[in-house]
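Visitor: coords please:
(2 chains)
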2 protein chains.
Amino acid sequence: MPKLRRVERMAALTKMLADRPHELIPLSFFCDYFGIAKSTLSDDLLSVRRAFDAYRLGSLETVFGAAGGVRYIPYRAGHAANQVLQTMAAKLESGDRIIAGGFLYMSDILYDWQWMSAVGEIFMTRFAAVHPDCIMTVETKGILPAMMVARAFNKPLVIARRGSRVTEGSATSINYVSGSTKRIQTMSLTKRALAPNQRVLIIDDFMKAGGTAKGMKELVYESGSQTVGVGVLVATAEPLEKMTGDYMPLLVLEGVDEVKRHVRIRPQLEPEEEINE
Amino acid sequence: MPKLRRVERMAALTKMLADRPHELIPLSFFCDYFGIAKSTLSDDLLSVRRAFDAYRLGSLETVFGAAGGVRYIPYRAGHAANQVLQTMAAKLESGDRIIAGGFLYMSDILYDWQWMSAVGEIFMTRFAAVHPDCIMTVETKGILPAMMVARAFNKPLVIARRGSRVTEGSATSINYVSGSTKRIQTMSLTKRALAPNQRVLIIDDFMKAGGTAKGMKELVYESGSQTVGVGVLVATAEPLEKMTGDYMPLLVLEGVDEVKRHVRIRPQLEPEEEINE
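Guide: Numbers count the residues shown, from 1 in each chain, chains lettered A, B, ... in the order given. Predicted structure coming up:
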């Protein structure tokens, strides 16, 4: 490998850390890779940490001991989270997003990886304490936010299917009542996807009555695992009580006026402690 | 903003560039953001470029002139691409992945963002010359590779649905014959998702006869846009002639022996020019 100057090594080191969020990388890996001493690497990592702190680009965590190393955690809290949620709420309120039936067109935001990357980091930050083993969602529109949460946690993504598919092999199925349509539907999860005794974090794009999330919780239960949290990008304010129990929305849809074509969305903001902005 | 030492600024600059692939960022943005002169920034960018070149982490491109700036392109070619495809082929060949009907279980790889991130970069590199305006796929399993291609190109993702959904508003629908099942199916695309006169790159996870990709091409045509490429992660070797015409697979499934439970997969490798590995 080429021997680089320190400023150049900093660029490579930063890129490699940022590409592997939540992965504990042994210090010896970087020492070998760059051909540098551990003391030099420690100085480099300190500089990366200072830069990430200063510009709120996430955190570096060092774990000491034989099984130790360094990992990058893409925390997005306080102002950096609020800014995203406020901009997203404004974008969802503007324009002609109302679809007959009181639905809201959100696909342009859900299919945009920059928005979803930020959403993944915000959910990861808010659910950090529950230590999930995997992230679960149901097709289709929940996939992208869920994928980005999985990325921020560096955990596997599990996708339940509507109905049952021949190309995924033996599956666990449940019936559930979609709260908004009141219809009985089927949801299935291939047995290969979820081992027993996993801590599962459920992520979805939208929640009205909570029937779909409740269905996912039942699938988790039937698979011998445990739901440790439910996060949704947008939840309706009404009904206040959802069938799923506890859940964490990032945005609350307070009202859709189909006649005036007006939408009200309230972002769930965090306290902003730092004032030296 | 805090004033950082050069090594620290390098970390922040690298992270910000890598987070926004293919986005042309004006040099004046970084000068203002870091409070540095243009000549200092040029030195910094040269160092980032050297590091990315040395460790094959992608490329920095500078565009001169009033509308100019710098952008990060996550190229993954030669050895860096081949390594991914060979490892992925070996992973797909090993283990018990055969599902009744001759299907292959691939979801663990398709839902893994690190694999899909690499796949997105490889497709972006191979399709760089077609300059797509957007990336299109059909739900469900094509979504993750397509998302990661969209990320690498920094272009919007468009997802066609199977059937037609009430929550997406007015849509264009077509009927298509899935080549493997020989059944007539419906695929739809909301009119909000795809403007006319777009150059569309189609990405899917799997191709057998090519009927699904052909359906997507028809949706593109009906929307007044143009298909500029079709990329699939895995294509079967048989039939050699697909209904879709030209397509680019990354892996070719040469055979599934359901009795011996054996799978053969051939990665589509690139020439590796550099030998000073």
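
Visitor: use CA for all of it now, contacts and neighbours both
Guide: Fine.

Visitor: what pLDDT does A:E273 get?
Guide: You'll see A:E273 listed with a pLDDT of 67.

Visitor: tell me which element A:I203 falls in.
Guide: Using DSSP states H and E, A:I203 sits in strand A:199-207.

Visitor: Can you give me the buried ones in that strand?
Guide: A:R199, A:V200, A:L201, A:I202, A:I203, A:D204, A:D205, A:F206, A:M207 (16 or more other CA atoms under 10 Å in any protein chain shown).

Visitor: for the helix or strand following it, packing partners?
Guide: Moving toward the C-terminus from strand A:199-207, the next helix or strand (DSSP H and E) is helix A:211-222. Secondary-structure packing of helix A:211-222 (3 or more CA pairs under 8 Å, 6 or more residues apart in numbering or on different chains; DSSP states H and E): strand A:171-177, strand A:184-190, strand A:199-207, strand A:226-236.

Visitor: rerun at 6 Å
Guide: On a contact count with 3 or more CA pairs under 6 Å, 6 or more residues apart in numbering or on different chains; DSSP states H and E, helix A:211-222 meets no helix or strand.

Visitor: In terms of helices and strands, where is the residue in the stretch 51-200 of chain A that chain B sits nearest to?
Guide: Nearest residue of the stretch 51-200 of chain A to chain B, counting by CA to the nearest CA: A:A51, 5.0 Å away. Remark: A:A51 resides in helix A:38-54, with elements defined by DSSP H and E.

Visitor: follow-up on the earlier one: strands paired with the strand holding A:I203, and their directions?
Guide: According to DSSP bridges, strand A:199-207 has the following sheet partners: strand A:134-138 (parallel), strand A:226-236 (parallel).

Visitor: So what's the model's average confidence on the longest one?
Guide: Yep, that's strand A:226-236 we're talking about. Averaged across strand A:226-236, pLDDT comes to 97.

Visitor: Can you find the helix or strand of chain A with the lowest average pLDDT?
Guide: Among the helices and strands of chain A, strand A:103-104 carries the lowest confidence by mean pLDDT, DSSP states H and E, at a mean of 81.

Visitor: Okay, now the unreliable bits of chain A?
Guide: Applying pLDDT under 70 to chain A flags residues A:1-2, A:95, A:165-167, A:179-180, A:273-277.

Visitor: for chain B, what are the nearby residues on it?
Guide: Taking CA under 6 Å from any CA of the partner chain as the contact definition, chain A meets chain B at A:7-8, A:10-12, A:14, A:47-48, A:51, A:99, A:103, A:111, A:157, A:167, A:169.

Visitor: And the residues you listed, which of them are buried?
Guide: Buried residues within these, counting neighbours by 16+ other CA under 10 Å: A:7-8, A:10-12, A:14, A:47-48, A:51, A:99, A:111, A:157, A:167, A:169.

Visitor: and the residues you listed as JSON lines, adding secondary structure?
Guide: Formatted as JSON lines, those follow (DSSP: H, G, I helix; E, B strand; the rest coil):
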{"residue": "A:V7", "secondary structure": "helix"}
{"residue": "A:E8", "secondary structure": "helix"}
{"residue": "A:M10", "secondary structure": "helix"}
{"residue": "A:A11", "secondary structure": "helix"}
{"residue": "A:A12", "secondary structure": "helix"}
{"residue": "A:T14", "secondary structure": "helix"}
{"residue": "A:S47", "secondary structure": "helix"}
{"residue": "A:V48", "secondary structure": "helix"}
{"residue": "A:A51", "secondary structure": "helix"}
{"residue": "A:I99", "secondary structure": "strand"}
{"residue": "A:Y111", "secondary structure": "coil"}
{"residue": "A:L157", "secondary structure": "strand"}
{"residue": "A:T167", "secondary structure": "helix"}
{"residue": "A:G169", "secondary structure": "coil"}
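
Visitor: And those, which two are furthest apart?
Guide: Greatest spacing in those, by CA to CA: A:V7 and A:I99 (52.1 Å).

Visitor: can you list the residues that contact stretch A:188-205?
Guide: Outside stretch A:188-205, the residues within contact range by CA atoms under 6 Å, 6 or more residues apart in numbering or on different chains are A:132-137, A:142, A:146, A:160-161, A:164, A:168, A:170-173, A:223-233.

Visitor: Narrow those to just the buried residues.
Guide: Buried members of the contacts of stretch A:188-205, counted by 16+ other CA under 10 Å: A:132-137, A:142, A:146, A:160-161, A:164, A:168, A:170-171, A:173, A:223, A:225-233.

Visitor: Run a quick neighbour tally on the spatially closest residue to A:I98 that is not a sequence neighbour.
Guide: Once flanking residues are discounted, A:I98 sits nearest to A:L104: 5.0 Å by CA to CA, 6 or more residues apart in numbering or on different chains. Residues within reach of A:L104, counting by other CA atoms under 10 Å in any protein chain shown, total 20.

Visitor: In this structure A:L104 contacts A:S94, no?
Guide: No: with contact defined as CA atoms under 6 Å, A:L104 does not reach A:S94; the gap is 11.3 Å.

Visitor: re earlier: send me the helix or strand just after the least confident helix or strand of chain A as CSV with only the CA atoms.
Guide: Downstream of strand A:103-104, the next assigned helix or strand under DSSP H and E is helix A:107-110. What follows is helix A:107-110, C-alpha atoms only, in CSV (Å, rounded to 0.1, in the frame of the first residue of the first chain):
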residue,chain,number,x,y,z
SER,A,107,-43.1,8.7,-2.2
ASP,A,108,-40.8,11.5,-3.4
ILE,A,109,-39.5,11.9,0.1
LEU,A,110,-39.6,8.1,1.0
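
Visitor: Could you figure out how far the helix or strand just after helix A:107-110 is turned away from strand A:199-207?
Guide: Going down the chain from helix A:107-110, the next helix or strand is helix A:113-126, by DSSP H and E. Going by axes from the mean of the first three to the mean of the last three CA atoms, to 10 degrees, helix A:113-126 is angled at 130 degrees with respect to strand A:199-207.

Visitor: contacts for helix A:113-126?
Guide: Residues outside helix A:113-126 that contact it (CA under 6 Å, 6+ apart) are A:Y75, A:R76, A:P145, A:M148, A:V149, A:A152.

Visitor: and that helix, which residues are buried?
Guide: Buried, per 16+ other CA under 10 Å, within helix A:113-126: A:113-125.

Visitor: same thing with stretch A:96-110?
Guide: So stretch A:96-110, judged by 16+ other CA under 10 Å, has buried residues A:R97, A:I98, A:I99, A:L104, A:Y105, A:M106, A:S107, A:L110.

Visitor: Can you tell me which of those residues is closest to A:F30?
Guide: Among the buried residues of stretch A:96-110, and counting by CA to CA, the member closest to A:F30 is A:L110, at 35.9 Å.

Visitor: can you tell me how far the closest one sits from B:P249?
Guide: The gap separating A:L110 from B:P249 is 27 Å, by CA to CA, to the nearest Å.

Visitor: Helix, strand or coil: sort out the residue most central in space within chain A for me.
Guide: Centroid-nearest residue in chain A: A:V149, 2.2 Å away (criterion: CA atoms, centre = their mean). Secondary structure state of A:V149, per three-state DSSP, is helix.

Visitor: got the contact list for it?
Guide: By CA under 6 Å, 6+ apart, the contact set of A:V149 is A:G120, A:M124.

Visitor: please redo it, this time with the cut-off set to 8 Å
Guide: Taking CA atoms under 8 Å, 6 or more residues apart in numbering or on different chains, we find A:V149 in contact with A:S117, A:V119, A:G120, A:E121, A:F123, A:M124, A:I135.

Visitor: Quick check, A:D246 in contact with A:V230.
Guide: Yes: judged on CA atoms under 8 Å, A:D246 makes contact with A:V230 at a distance of 7.1 Å.

Visitor: So which bits of stretch A:70-83 are buried?
Guide: For stretch A:70-83, by 16+ other CA under 10 Å, it's A:70-82.

Visitor: if you look at these, which of them are in strands?
Guide: A:V70, A:R71, A:Y72, A:I73 (DSSP state E).

Visitor: first to last residue in stretch A:151-171, what's the distance?
Guide: By CA to CA, the extent of stretch A:151-171 from end to end equals 25 Å.

Visitor: just to revisit the earlier point, could you check the helix holding A:A51 and say which residues are buried?
Guide: For helix A:38-54, the neighbour count (16+ other CA under 10 Å) marks A:L41, A:D44, A:L45, A:S47, A:V48, A:R49, A:R50, A:A51, A:F52, A:A54 as buried.
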